[in-house]
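1. any chance you can model this:
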Amino acid sequence: NTPPSIGDINTSTGADSARIQANAFDRSGTLAAFAYCVDSSNDWQTVLPVDKIADSPEEKLDFAVEHLKPGPHRIAVRATDAYGNQTVQTVAVSVDSPSTRP
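-> Residues are numbered from 1 along each chain as shown. Okay, the predicted model is just below:
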C-alpha cells in the first residue's frame, strides 16, 4: 500500500509551454502510469516515461505542456504503480507574455 514517489522535479518555460522533468520510483512494485493536469484536478493527460513504457520501479519523465496562456500555472504530475497506488506532486510555473516587436 505504499504509493510511488516523484522527485528531482525540474521545470523550464517557453513562449507558450512548460517542460517538466522528474524522476519517479516505487519501493514495492513497478510504475504503471503517469499523467498531468494544468490548473485543475479534472483534466488528466497521459504521458509516457522517457523509455516509452512504464514497466520498472524507476522511471524518468520528460514532457512538454503546450498551449499555455501567459501567467502563472500549477501543473500536477501523477504517478500510479501496478497496484493502483498513486502520488501527486504539484509545481508552479509562470509563462511570460510574448514580447511585442516593433
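2. poorly predicted segments of the chain, please.
-> Counting by pLDDT under 70, the chain shows low-confidence ranges at 98-102.
3. so who does the residue sitting nearest the centre point of the chain touch?
-> For the chain, the residue nearest the mean C-alpha position is V77 (3.7 Å; CA atoms, centre = their mean). For V77, the contact set (CB atoms under 8 Å, 6 or more residues apart in numbering) comprises 6, 9, 20, 22, 34-36, 61, 88-91. Using the backbone N, CA and C atoms, a C-beta is placed for each residue, glycine as well.
4. correct me, but E58 touches N23?
-> Yes: counting by CB atoms under 8 Å, N23 is a contact partner of E58 at 7.0 Å.
5. so between those two, which is more surrounded?
-> Comparing E58 with N23 by other CB atoms under 10 Å, the one with more neighbours is N23, at 16 against 12.
6. and the more buried one, bridged to which residues?
-> Listed by DSSP bridges, the beta-bridge partners for N23 are G7, K60.
7. make a markdown table from the contacts of V77 and add distance to V50 and secondary structure to it.
-> As requested, the contacts of V77 are exported to a markdown table (distance: CB to CB, whole Å; DSSP: H, G, I helix; E, B strand; the rest coil):
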| residue | distance to V50 | secondary structure |
| --- | --- | --- |
| I6 | 14 | strand |
| I9 | 14 | strand |
| I20 | 12 | strand |
| A22 | 10 | strand |
| F34 | 11 | strand |
| A35 | 16 | strand |
| Y36 | 15 | strand |
| L61 | 7 | strand |
| V88 | 20 | strand |
| Q89 | 17 | strand |
| T90 | 21 | strand |
| V91 | 18 | strand |
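8. select only the buried ones of the residues you listed in PyMOL?
-> In PyMOL, this line selects whichever of these come out buried by 16 or more other CB atoms under 10 Å:
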select buried, resi 6+9+20+22+34+35+36+61+88+89+91
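9. can I get the contacts of V77 in a markdown table including distance to S28?
-> Shown next, in a markdown table, are those (distance: CB to CB, whole Å):
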| residue | distance to S28 |
| --- | --- |
| I6 | 16 |
| I9 | 22 |
| I20 | 25 |
| A22 | 20 |
| F34 | 18 |
| A35 | 21 |
| Y36 | 23 |
| L61 | 20 |
| V88 | 18 |
| Q89 | 19 |
| T90 | 24 |
| V91 | 25 |
